[in-house]
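Chemist: Here is my input, please return the structure:
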Amino acid sequence: METDVIFRYSFKEFESNYDTDLSQWLEDYPDATERDFLIELKGIYDEFVRWSGRNYFRGYKVEHFESRMSPYDDVYLSGESTTNWFGIEKYHEVLSDKIKRHIMTVVNADPHDVDFMEYYFDCNYAELELPYEFDPYIHSVLKNFFDYDNDLDMLVINKKLAKNFEFSVIKIADYIDERLKNVHIKKEPVKKITIPATAIVSPPVTEENEPKPKINTSCSVQVALLKELGFFDLPSIKEMSSAQKEYIISRLLNKSERDVRGNINALNPDSGEDLSKYTSPTDTTIQKAIRIIKEKQ
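Modeler: Sure thing, here's the model as predicted:
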(Lines give C-alpha, C1' and ligand atoms only; values in the text may rest on other atoms or scores of the structure.)
Protein backbone atom coordinates (compact mmCIF):
# COMPACT_ATOMS: atom_id res chain seq x y z
CA MET A 1 0.00 0.00 0.00
CA GLU A 2 1.06 3.58 -0.54
CA THR A 3 1.22 5.80 2.54
CA ASP A 4 3.12 8.76 3.91
CA VAL A 5 2.78 7.64 7.53
CA ILE A 6 6.19 7.19 9.16
CA PHE A 7 6.88 3.49 9.76
CA ARG A 8 8.12 2.72 13.26
CA TYR A 9 10.20 -0.40 13.88
CA SER A 10 9.76 -0.63 17.66
CA PHE A 11 6.74 -0.30 19.91
CA LYS A 12 8.50 2.20 22.19
CA GLU A 13 9.30 4.40 19.20
CA PHE A 14 5.74 4.02 17.89
CA GLU A 15 4.10 4.87 21.22
CA SER A 16 6.35 7.84 22.07
CA ASN A 17 5.86 9.37 18.61
CA TYR A 18 2.14 8.62 18.26
CA ASP A 19 0.87 12.10 19.16
CA THR A 20 3.51 13.79 17.00
CA ASP A 21 2.77 11.58 14.00
CA LEU A 22 -0.97 12.08 14.46
CA SER A 23 -0.62 15.87 14.63
CA GLN A 24 1.51 15.94 11.50
CA TRP A 25 -0.93 13.69 9.64
CA LEU A 26 -3.90 15.86 10.62
CA GLU A 27 -2.02 18.92 9.40
CA ASP A 28 -1.55 17.23 6.03
CA TYR A 29 -5.18 16.03 5.96
CA PRO A 30 -7.25 18.64 7.85
CA ASP A 31 -10.59 16.98 7.07
CA ALA A 32 -9.47 13.63 8.52
CA THR A 33 -9.87 12.41 12.10
CA GLU A 34 -7.83 10.30 14.49
CA ARG A 35 -10.02 7.36 13.51
CA ASP A 36 -8.96 7.76 9.87
CA PHE A 37 -5.33 7.87 11.00
CA LEU A 38 -5.73 4.66 13.02
CA ILE A 39 -7.41 2.86 10.12
CA GLU A 40 -4.46 3.76 7.89
CA LEU A 41 -2.02 2.57 10.54
CA LYS A 42 -3.93 -0.68 10.88
CA GLY A 43 -3.67 -1.29 7.15
CA ILE A 44 0.11 -0.83 7.36
CA TYR A 45 0.98 -2.93 10.40
CA ASP A 46 -1.54 -5.69 9.73
CA GLU A 47 0.59 -6.50 6.67
CA PHE A 48 3.18 -7.85 9.12
CA VAL A 49 0.87 -9.73 11.47
CA ARG A 50 -0.55 -13.15 10.72
CA TRP A 51 -3.90 -14.17 12.20
CA SER A 52 -2.20 -16.84 14.28
CA GLY A 53 -0.89 -14.03 16.46
CA ARG A 54 2.75 -14.69 15.60
CA ASN A 55 4.65 -12.37 13.34
CA TYR A 56 5.52 -13.29 9.78
CA PHE A 57 6.63 -11.07 6.99
CA ARG A 58 4.50 -11.21 3.90
CA GLY A 59 7.07 -12.32 1.42
CA TYR A 60 6.47 -12.25 -2.25
CA LYS A 61 3.93 -12.77 -4.96
CA VAL A 62 4.54 -16.12 -6.59
CA GLU A 63 4.49 -15.52 -10.33
CA HIS A 64 5.01 -18.86 -12.11
CA PHE A 65 6.26 -19.51 -15.59
CA GLU A 66 5.67 -22.86 -17.36
CA SER A 67 5.54 -26.03 -15.27
CA ARG A 68 9.14 -26.22 -14.11
CA MET A 69 10.19 -26.90 -10.53
CA SER A 70 10.80 -23.84 -8.41
CA PRO A 71 14.09 -23.54 -6.50
CA TYR A 72 11.82 -22.91 -3.50
CA ASP A 73 9.56 -25.90 -4.00
CA ASP A 74 7.87 -25.46 -0.61
CA VAL A 75 5.98 -22.49 -2.06
CA TYR A 76 5.73 -23.69 -5.64
CA LEU A 77 2.21 -23.71 -7.06
CA SER A 78 2.33 -24.48 -10.77
CA GLY A 79 0.33 -22.15 -12.97
CA GLU A 80 -0.93 -19.93 -10.16
CA SER A 81 -0.27 -16.40 -8.94
CA THR A 82 -0.82 -15.68 -5.28
CA THR A 83 0.51 -13.87 -2.22
CA ASN A 84 2.20 -15.96 0.44
CA TRP A 85 3.56 -15.44 3.92
CA PHE A 86 7.15 -16.32 4.77
CA GLY A 87 9.54 -15.83 7.63
CA ILE A 88 12.39 -13.33 7.43
CA GLU A 89 14.91 -16.15 6.86
CA LYS A 90 13.14 -17.25 3.68
CA TYR A 91 12.85 -13.63 2.58
CA HIS A 92 16.60 -13.23 3.09
CA GLU A 93 17.33 -16.34 1.07
CA VAL A 94 15.27 -15.26 -1.93
CA LEU A 95 16.43 -11.63 -1.72
CA SER A 96 20.09 -12.59 -1.74
CA ASP A 97 19.63 -14.79 -4.81
CA LYS A 98 17.61 -12.15 -6.65
CA ILE A 99 20.13 -9.34 -6.10
CA LYS A 100 23.04 -11.58 -7.15
CA ARG A 101 21.23 -12.70 -10.27
CA HIS A 102 20.25 -9.12 -11.20
CA ILE A 103 23.86 -7.94 -10.86
CA MET A 104 25.19 -10.82 -12.96
CA THR A 105 22.53 -10.86 -15.72
CA VAL A 106 21.39 -7.22 -15.98
CA VAL A 107 24.33 -5.19 -14.67
CA ASN A 108 26.80 -7.72 -16.13
CA ALA A 109 29.09 -7.41 -13.14
CA ASP A 110 30.55 -9.54 -10.39
CA PRO A 111 28.46 -9.17 -7.17
CA HIS A 112 31.72 -8.79 -5.22
CA ASP A 113 32.79 -5.75 -7.25
CA VAL A 114 29.70 -3.54 -6.77
CA ASP A 115 27.65 -1.99 -3.98
CA PHE A 116 25.37 -4.95 -3.36
CA MET A 117 22.61 -3.01 -1.56
CA GLU A 118 22.43 -0.46 -4.37
CA TYR A 119 20.37 -3.01 -6.30
CA TYR A 120 17.96 -3.81 -3.46
CA PHE A 121 14.99 -2.26 -5.28
CA ASP A 122 16.16 -2.91 -8.85
CA CYS A 123 15.92 -6.68 -8.38
CA ASN A 124 12.20 -6.65 -7.64
CA TYR A 125 10.78 -8.38 -10.69
CA ALA A 126 9.81 -11.93 -11.56
CA GLU A 127 11.76 -14.00 -14.06
CA LEU A 128 12.00 -17.61 -15.14
CA GLU A 129 14.79 -18.59 -12.77
CA LEU A 130 13.38 -16.67 -9.79
CA PRO A 131 9.62 -16.32 -10.39
CA TYR A 132 8.92 -14.08 -7.41
CA GLU A 133 8.00 -10.44 -7.02
CA PHE A 134 8.23 -8.76 -3.63
CA ASP A 135 5.37 -6.61 -2.34
CA PRO A 136 6.76 -3.07 -3.05
CA TYR A 137 5.76 -1.43 0.24
CA ILE A 138 6.79 -4.33 2.44
CA HIS A 139 10.03 -4.61 0.49
CA SER A 140 10.79 -0.96 1.25
CA VAL A 141 10.09 -1.44 4.96
CA LEU A 142 12.28 -4.55 5.22
CA LYS A 143 15.30 -2.84 3.67
CA ASN A 144 16.46 -1.75 7.15
CA PHE A 145 16.76 -5.40 8.17
CA PHE A 146 19.48 -6.18 5.61
CA ASP A 147 23.03 -5.13 4.94
CA TYR A 148 25.98 -6.46 3.00
CA ASP A 149 28.89 -7.66 5.13
CA ASN A 150 32.08 -7.09 3.15
CA ASP A 151 34.13 -9.26 5.49
CA LEU A 152 31.75 -12.20 5.15
CA ASP A 153 31.07 -11.26 1.53
CA MET A 154 27.34 -11.91 1.88
CA LEU A 155 23.96 -10.33 2.58
CA VAL A 156 23.19 -10.49 6.29
CA ILE A 157 20.14 -9.87 8.49
CA ASN A 158 20.11 -7.44 11.38
CA LYS A 159 18.76 -10.16 13.63
CA LYS A 160 18.29 -7.96 16.69
CA LEU A 161 16.19 -5.46 14.77
CA ALA A 162 14.18 -8.22 13.10
CA LYS A 163 13.57 -10.09 16.36
CA ASN A 164 12.58 -6.96 18.25
CA PHE A 165 10.20 -6.11 15.43
CA GLU A 166 8.54 -9.50 15.91
CA PHE A 167 7.71 -8.45 19.47
CA SER A 168 6.88 -4.87 18.56
CA VAL A 169 4.53 -5.41 15.64
CA ILE A 170 2.10 -7.42 17.76
CA LYS A 171 2.09 -4.72 20.45
CA ILE A 172 1.64 -2.01 17.83
CA ALA A 173 -1.29 -3.85 16.26
CA ASP A 174 -2.90 -4.35 19.69
CA TYR A 175 -2.36 -0.66 20.51
CA ILE A 176 -4.08 0.38 17.27
CA ASP A 177 -7.03 -1.96 17.87
CA GLU A 178 -7.47 -0.76 21.47
CA ARG A 179 -7.28 2.86 20.39
CA LEU A 180 -9.88 2.25 17.68
CA LYS A 181 -12.29 0.91 20.31
CA ASN A 182 -12.06 4.11 22.32
CA VAL A 183 -11.81 6.79 19.66
CA HIS A 184 -15.11 8.22 18.45
CA ILE A 185 -16.07 9.77 15.16
CA LYS A 186 -15.99 13.51 15.67
CA LYS A 187 -19.49 14.94 15.89
CA GLU A 188 -20.43 18.44 14.88
CA PRO A 189 -21.17 20.53 17.98
CA VAL A 190 -24.69 21.75 18.55
CA LYS A 191 -24.96 25.36 17.41
CA LYS A 192 -24.66 27.82 20.23
CA ILE A 193 -27.81 29.81 20.78
CA THR A 194 -28.25 33.11 22.54
CA ILE A 195 -31.19 33.25 24.92
CA PRO A 196 -32.46 36.63 26.15
CA ALA A 197 -31.44 37.30 29.74
CA THR A 198 -35.09 37.73 30.72
CA ALA A 199 -35.94 34.16 29.77
CA ILE A 200 -35.62 32.23 33.04
CA VAL A 201 -35.12 28.51 32.52
CA SER A 202 -34.60 25.46 34.69
CA PRO A 203 -31.74 22.97 34.32
CA PRO A 204 -32.34 19.92 32.08
CA VAL A 205 -33.63 16.73 33.67
CA THR A 206 -34.33 13.16 32.59
CA GLU A 207 -37.70 12.33 31.13
CA GLU A 208 -38.09 9.35 33.50
CA ASN A 209 -38.31 11.51 36.59
CA GLU A 210 -39.01 15.14 35.70
CA PRO A 211 -39.35 17.33 38.82
CA LYS A 212 -41.93 20.06 38.74
CA PRO A 213 -40.57 23.61 38.53
CA LYS A 214 -40.56 25.58 41.75
CA ILE A 215 -42.92 28.02 40.05
CA ASN A 216 -45.39 25.84 38.23
CA THR A 217 -45.76 27.81 35.02
CA SER A 218 -47.66 25.89 32.36
CA CYS A 219 -46.00 24.90 29.09
CA SER A 220 -48.48 27.06 27.17
CA VAL A 221 -47.49 30.19 29.14
CA GLN A 222 -43.78 29.34 28.84
CA VAL A 223 -44.00 29.02 25.05
CA ALA A 224 -46.04 32.23 24.85
CA LEU A 225 -43.39 33.91 27.00
CA LEU A 226 -40.61 32.82 24.63
CA LYS A 227 -42.61 34.17 21.70
CA GLU A 228 -43.14 37.55 23.38
CA LEU A 229 -39.40 37.76 24.12
CA GLY A 230 -38.57 37.18 20.46
CA PHE A 231 -36.96 33.80 21.10
CA PHE A 232 -38.35 32.19 17.95
CA ASP A 233 -37.05 35.05 15.79
CA LEU A 234 -33.41 34.41 16.76
CA PRO A 235 -31.39 33.39 13.64
CA SER A 236 -29.87 30.44 15.47
CA ILE A 237 -33.35 29.14 16.37
CA LYS A 238 -34.71 29.68 12.87
CA GLU A 239 -31.88 27.58 11.42
CA MET A 240 -32.82 24.55 13.52
CA SER A 241 -35.04 21.76 12.37
CA SER A 242 -38.40 21.41 14.13
CA ALA A 243 -37.22 18.27 15.94
CA GLN A 244 -34.04 19.91 17.21
CA LYS A 245 -35.94 23.01 18.28
CA GLU A 246 -38.53 20.98 20.19
CA TYR A 247 -35.85 18.86 21.86
CA ILE A 248 -33.84 21.86 23.09
CA ILE A 249 -36.86 23.84 24.28
CA SER A 250 -38.28 20.83 26.11
CA ARG A 251 -34.98 20.63 28.02
CA LEU A 252 -34.98 24.34 28.72
CA LEU A 253 -38.53 24.33 30.04
CA ASN A 254 -38.53 20.88 31.69
CA LYS A 255 -41.61 19.94 29.68
CA SER A 256 -42.35 16.99 27.45
CA GLU A 257 -41.50 17.31 23.79
CA ARG A 258 -45.14 16.65 22.87
CA ASP A 259 -46.39 19.57 24.99
CA VAL A 260 -43.72 21.83 23.56
CA ARG A 261 -44.51 20.71 19.99
CA GLY A 262 -48.24 21.25 20.47
CA ASN A 263 -47.82 24.76 21.87
CA ILE A 264 -45.28 25.80 19.22
CA ASN A 265 -47.53 24.46 16.48
CA ALA A 266 -50.52 26.23 18.00
CA LEU A 267 -48.79 29.59 17.41
CA ASN A 268 -49.51 28.95 13.73
CA PRO A 269 -53.26 29.46 13.09
CA ASP A 270 -53.22 26.91 10.28
CA SER A 271 -51.62 24.11 12.33
CA GLY A 272 -54.90 22.46 13.34
CA GLU A 273 -53.70 21.90 16.94
CA ASP A 274 -56.35 21.62 19.67
CA LEU A 275 -56.40 25.13 21.21
CA SER A 276 -58.33 23.88 24.19
CA LYS A 277 -55.25 21.81 25.12
CA TYR A 278 -52.41 23.88 23.64
CA THR A 279 -53.36 27.42 24.61
CA SER A 280 -50.14 29.34 23.85
CA PRO A 281 -51.80 31.67 21.26
CA THR A 282 -54.91 32.47 23.30
CA ASP A 283 -55.41 35.97 24.73
CA THR A 284 -55.51 34.71 28.31
CA THR A 285 -52.19 32.88 27.98
CA ILE A 286 -50.53 35.80 26.21
CA GLN A 287 -51.63 38.17 29.00
CA LYS A 288 -50.13 35.84 31.61
CA ALA A 289 -46.84 35.84 29.68
CA ILE A 290 -46.82 39.63 29.44
CA ARG A 291 -47.47 39.97 33.20
CA ILE A 292 -44.41 37.78 33.94
CA ILE A 293 -42.26 40.02 31.73
CA LYS A 294 -43.45 43.15 33.51
CA GLU A 295 -43.25 41.81 37.07
CA LYS A 296 -39.68 42.95 37.72
CA GLN A 297 -39.75 46.12 35.66
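
Chemist: Next one: the residue nearest the centre of the chain from Val5, what distance?
Modeler: Nearest to the mean C-alpha position of the chain, counting by Cα atoms, centre = their mean, stands Arg35 at 1.8 Å. Look at Arg35 and Val5: by Cβ to Cβ, to the nearest Å, they are 14 Å apart. Placement of C-beta: from N, CA and C, glycine included.

Chemist: Which strand or helix spans Ile237?
Modeler: helix 235-238 (DSSP states H and E).

Chemist: Just the helices from the stretch 151-297 of the chain, written as ranges.
Modeler: For the stretch 151-297 of the chain, the helices defined by DSSP state H, counting those that start in this stretch occupy 159-182, 219-228, 235-238, 242-253, 257-266, 283-294.

Chemist: With mean pLDDT, mean neighbour count and distance to Ala126 added, can I get those in TSV?
Modeler: Below are the helices of the stretch 151-297 of the chain laid out as TSV (pLDDT from 0 to 100; neighbours: other Cβ atoms under 10 Å; distance: least, Cβ to Cβ, whole Å):
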stretch	mean pLDDT	mean neighbour count	distance to Ala126
helix 159-182	87	16	25
helix 219-228	90	23	75
helix 235-238	85	12	64
helix 242-253	83	17	60
helix 257-266	85	20	66
helix 283-294	86	14	83
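
Chemist: out of these, nearest to Asp274?
Modeler: Ranking the helices of the stretch 151-297 of the chain by distance to Asp274, with Cβ to Cβ as the measure, places helix 257-266 first at 7.6 Å.

Chemist: residues contacting Tyr9?
Modeler: Tyr9 makes contacts with 144, 161, 164-165, 168, as judged by Cβ atoms under 8 Å, 6 or more residues apart in numbering.

Chemist: returning to that earlier point: so the residue nearest to the centre of the chain lies in a strand, does it not?
Modeler: No. With DSSP: H, G, I helix; E, B strand; the rest coil as the criterion, Arg35 is assigned helix and is not in a strand.
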